[in-house]
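[1] I need the structure of the sequence given here:
(chains A, B and C)
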Amino acid sequence: MNPRNSLMIFGGGGLAIYALFFASSYDQRLLTLSGIYVVLVLGYQFIFGHAGALSLAQGAFFGLGAYTSGILGSQYGAEFLVTFPLSVAATVTIAALVSIPVLRLQSHYFALATLALSQLLLLIAINWEPMTGGANGLSGVPPVRILGWQLARGLPLLSFVWIIAGLAMLVSYWQINTARKAAFTVMRETPLATAAFGIDSSMLRFRAFLLSAAFGGAAGALFVHTNRVVSPETLSFGVMITCLTMTVVGGRFGISGAVIGALLLTHLPEWFRGLQEYYLVAVGVLLLATVVFAPNGIEGLLRFGKSSPKPSAGTATDEKSDPADIGSSELIATHLSKRYGGVRALDDVNLRIQPGEIVGVIGPNGAGKTTLANILTGSATSDAGTVTLAGHDITHAPEYQIARLGLTRTFQTPQLPADLSVRDIIRIAQADRPAANTDAVLRNFNLLAVADMPCGTIAHGIRRQVEVCRAVAAEPGALVLDEPGAGLSPEEQGEIGALCRTLAENGLAILLIDHNVAFLKPLVTRMICMESGRIIADGTPEDVLADPRVQDAYFGVTTL
Amino acid sequence: MLAAQLLLNALSLGAAYALVALGFVLVLNATTAVNFAHGESVVAGGFTAVALTFFLPPDLRIPGLILLPGVVVVTAVLGLAIGALAYLPIRNRPPVSVFVTTIAVGMIVANGLNATFGAAPRTAPPLIGVGTIDLIGVSISRQSLAIIATACVLIGGLAIVLQRTQLGRQFRACSQDPEMARAIGIRLTRITLLSFAVGTVFAGAAGLLLAHQFFISPADGAPLILKAYIAVVIGGWGSLRGAALGASLIAVFEVGVAAISSQPLAEGLLYVIVLVVLFLRPQGLFGEPQQVRA
Amino acid sequence: MSQPSLHVESLTVSHGAVTALRDVTFTARSGEIIALIGTNGAGKSSLLRAIIGQASSKGDIFLQGDNINQLATEDRIHAGLALVPEGRRVFPGMTVEENLLVGGIRGRAERRLSIDEVYALFPPLADRPSDRAWQLSGGQQQMLAIGRALMARPRIFLLDEPSLGLSPRIARDVAESLKALTEKGAAVVIAEQNSGFVQPIADRTLTLSNGQMALPD
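    Numbering: from 1, shown residues only, chains lettered A, B, ... in the order given. The predicted structure follows:
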């Protein structure tokens, strides 16, 4: 059992003993409050931690859940079993409605939109007196009653809240399974490559936002039924700051982080009693210091580092089995054009790559090679023209879908999150092919030896191989490689070249962009030269390199 | 005439808001960082004025403008502290980190003021005395005039420095291409800290200007930062002129709607409008400044 | 003989995990023009950026005999280095005159002197001092970038593909002004794909291929 799990169990046991035998009724109240905050923070971890988005709406969701339960309970006498699900439903509905416009905003506008939403809700709560009780709020919210049995304050209520918290932990654990956690990591750390992995980042973010809302609403409902009143304070920015502080100090990821943060920040006012009104100043200092010195919170500090993975036995064998079912697709681009401001990045480009071909693309800087790659793979949209893959029109398809349909790419700098292992990376790429054999792919690429090592620790040449392996792992039919040989020694370049040749032999259609003509010439079956957005030569490498237009555009006067 | 008085109110509020928004954009341009403590910087300026009046005999009526140098010094130091503690240590981290550190600083300032002065709203002395002046048959309050005049002087001074001096050119170079600015010898860290200082001074000055008429309390920071934020959404992310314009529009809107209905409705409507704007144009009203390369 | 102006010893440059340059050594002496030839991706830009301090590198860089490894970019400029980067990188929202003035790192008097010299060298710039830099053509921006770097009266002048976008006549003028710079004691290093621009003025030519120096110093 790894040290962190034993710490959690030990800590949980200690807490239970404390609650049962040593806690006064005031302490029990604090523990109950901690349990409620655990639910709130677990929810916030989805959007702030895993999705990496600064949402300032978590307090609003808490308040919304609080008011839903408060109004239903106080004005209509509804019981907990009715108000609780309705609170969650209300917050999730509002979140869903708001998410469509809000989630596509860039981070600075996303924060603003969530902040504006929160302030708006606060204004409504304070001013819509008939409904919300105005600045004084509503009292007389019934206590928690389950099937006629009222939960008394103290231990029964405390246990109930922590049971709910436990359920929240289970939901969190279930939702952030290994595959999804890895997908979120890719989305946060290598946003450029997210879609290339076949990951639908909009869906991931949407799911995270809704989950955070649901948990926030649940926490609000719990709060109001334990306190028996609801007031505008539940919608104040103070709740948001508390939630943010708990998440940052406790840990943005992981259930233990939420528990640590909630417990710590609920009890700090007691421990810092001496500071009186300056207590919140101390919390601000704590928050600042944590971000600067311990960005992963206390949970991050406690993370006893992964034991260095042992390379699997039976390593570098040259024996390769047949590369499993690589698809083959014809890639056709017609009349592609793209303007950026006044610059014509692509000007009526026509291109056709058949299965088994390796087509090299050369050209000076600004010729349009990267724009071409971006438009083919969907990270940019063309102003005119079409792209088809194996007969399907993919011109307007979103990037992640193109990757899933079978056209993948590599990037000039390998986009591999440092903390994920090679095996993790390949598994993510294979996510929608559950039957795929990760080990077989790793063996084909001679990567079994490093399969369990974090990508941040492996040598550059091997990272390039991992990048190509990732692109091929989902059995694409066509592949776009962006300067795969850059920065590699001649031997390593030879290995990449051999890899490409094998892939092409198995039917893959490959487009290879590179500056290094010496690398390309023996490798490619056809060569294209681009300049100022146009293709100025297309033919065998010898013909293209001898073409005077190519020599002029690319090399100046010198020949190669 | 009621309309003229309303207009003047709107203009003077707009002048103060413009100072806040300009300070916000200065820091934004120099660092691409959103300074969430900016609202609290306004409050800090207002409270500095309040604190300074404690040192004066209570019967002495001094023009609030005398307090401006003191406010400038205190908020300049605050700005340097924010830059040095909340920005420089994490400037290479993703932008979300700066949001959180500046939220933390805002907490420190707001709660520190709350603990020291209490939560009740305070007022500062009027800038050049109370009462009105008669101009072309209209009664114009001295305070409104003073606010507008002070803001114009400060904004004019900023414009002159930015357009005519080497320091101003260095500022602008840093905001357009920080890497290249370093490559021509501009000391980026110094410029960054200076941006925080000047930005915070502008906020603090606005606090002094607002404190007499509108009162100032420790919790005022959040709505102010929200308005600065909205001003740049309206005026264009990173545009100084746009921010001043956006701030003025917000003030006109607030005063106008509040006159017809109520203050909370004006505020609420403002937030609804900004949400609608972002819904329809996720890149802001005028988008981000384009850099056209021939 | 005075200290060589610029000496690079066993320089290896990486961008993240990519090694762009391996074990490069060369010297540029006061009064020399060095041509650095190589195709795209050969490592020329990486070399210049490492000298100016904008790329992480191993190895040593000496300026007038002093090791400048620990100096930040801005300080290297104040020590006498200047770089005209690939892609010009003029400040788009500032006018021609402002772009030039901001390049001056010494006092105002010296700025006025230098700017007159730059206007004399590049008449197209003198014609439009109040135009914003984004409005200029590629060639005019190139002139502006060179002029901006000249404003600091550098002792070591590094240029990355300076002939890009320049008409042959202006290119010749630029080449001559670089020669004039060296007569005052500066050293000039020019990275180029177009050898036709540099060959006539270069005292020595170094070739980079795939991150390594093909001809020894």
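
[2] all strands of the chain, in order?
    As the question left the chain open, I've gone with chain A. Using DSSP state E, the strands of chain A run over residues A:138-139, A:145-146, A:149-150, A:229-230, A:331-340, A:343-353, A:358-362, A:384-389, A:392-393, A:407-409, A:478-482, A:509-513, A:526-531, A:534-539.

[3] not quite, I wanted chain B
    If DSSP E is used as the criterion, the strands of chain B fall at B:132-135, B:138-141.

[4] do chain C as well
    For chain C, the strands defined by DSSP E cover C:6-15, C:18-28, C:33-37, C:56-63, C:66-67, C:81-84, C:156-160, C:187-192, C:204-209, C:212-213.

[5] for chain B, which of the ones you listed is the nearest?
    Taking C-beta to the nearest C-beta, strand C:81-84 is the member of the strands of chain C nearest to chain B, at 5.6 Å. To be clear about C-beta, it is placed using only N, CA and C from the backbone, and glycine gets the same treatment.

[6] does chain A have contacts with the closest one?
    No. Taking C-beta under 8 Å from any C-beta of the partner chain as the criterion, strand C:81-84 and chain A are apart, separated by no less than 15.7 Å.

[7] show me the shaky parts of chain A.
    A:1-3, A:304-326, A:365, A:434-435, A:487, A:554-560 (pLDDT under 70).

[8] mind running it again at 50?
    Chain A contains residues with pLDDT under 50 at A:306-324, A:557-560.

[9] enumerate the residues of the stretch 351-500 of chain A near chain C.
    So far as C-beta under 8 Å from any C-beta goes, the stretch 351-500 of chain A lies against chain C at A:P364, A:N365, A:T413, A:P414, A:H460, A:R463, A:E483, A:A486, A:G487, A:P490.

[10] top of these by neighbour count?
    Counting neighbours by other C-beta atoms under 10 Å in any protein chain shown, A:G487 comes out on top of those with 28 neighbours.

[11] related to what we said a few turns ago, need the winner for burial among the strands of chain B.
    Mean neighbour counts were compared across the strands of chain B using mean count of other C-beta atoms under 10 Å in any protein chain shown; the top stretch is strand B:138-141, at a mean of 16.

[12] what lines up beside that strand in the sheet?
    Sheet pairing of strand B:138-141 (DSSP bridges) gives strand B:132-135 (antiparallel).

[13] give me the distance between the strand it pairs with and the centre of its chain.
    Distance, stretch centre to chain centre, for strand B:132-135: 28 Å (C-alpha atoms, centre = their mean, to the nearest Å).

[14] list of residues touching that strand?
    B:S139, B:I140, B:S141, B:R142, B:L145 (C-beta atoms under 8 Å, 6 or more residues apart in numbering or on different chains).

[15] is it possible to get a markdown table of these that adds pLDDT and distance to A:G52?
    Shown next, in a markdown table, are those (pLDDT from 0 to 100; distance: C-beta to C-beta, whole Å):
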| residue | pLDDT | distance to A:G52 |
| --- | --- | --- |
| B:S139 | 74 | 55 |
| B:I140 | 79 | 52 |
| B:S141 | 83 | 49 |
| B:R142 | 85 | 51 |
| B:L145 | 88 | 49 |
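
[16] in the stretch 101-250 of chain B, which residue sits closest to chain C?
    Nearest residue of the stretch 101-250 of chain B to chain C, counting by C-beta to the nearest C-beta: B:G185, 3.4 Å away.

[17] so the longest helix belonging to chain C versus strand C:33-37, what angle?
    Looking across chain C with DSSP state H, the single longest helix is helix C:168-183. Using axes from the mean of the first three to the mean of the last three C-alpha atoms, to 10 degrees, the direction of helix C:168-183 lies 130 degrees away from that of strand C:33-37.

[18] how about helix C:168-183 against chain A, any contact?
    No. For helix C:168-183, no contact with chain A is found by C-beta under 8 Å from any C-beta; the gap never falls below 12.4 Å.

[19] which intervals of chain C have sub-threshold pLDDT?
    Where chain C drops to pLDDT under 50, the residues are C:1, C:217.

[20] for the residue in it positioned nearest to chain B, give its distance to chain A.
    Going by C-beta to the nearest C-beta, chain B is nearest to C:I77 of chain C, at 3.4 Å. Relative to chain A, C:I77 is positioned 25 Å away (C-beta to the nearest C-beta, to the nearest Å).

[21] any low-confidence regions in chain B?
    Along chain B, the model assigns pLDDT under 50 to residues B:289-294.

[22] where exactly do the helices run in it?
    Secondary structure of chain B (DSSP H): helices located at B:2-31, B:38-54, B:68-82, B:95-117, B:142-164, B:166-176, B:178-183, B:188-214, B:221-235, B:240-260, B:263-280.

[23] per-domain residue ranges of chain A.
    For chain A, automatic domain parsing gives the domain ranges A:26-191+A:199-236, A:331-555.

[24] want to throw the ones you listed into a markdown table with distance to chain B?
    Below are the domains of chain A laid out as a markdown table (distance: least, C-beta to the nearest C-beta, whole Å):
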| stretch | distance to chain B |
| --- | --- |
| domain A:26-191+A:199-236 | 4 |
| domain A:331-555 | 5 |
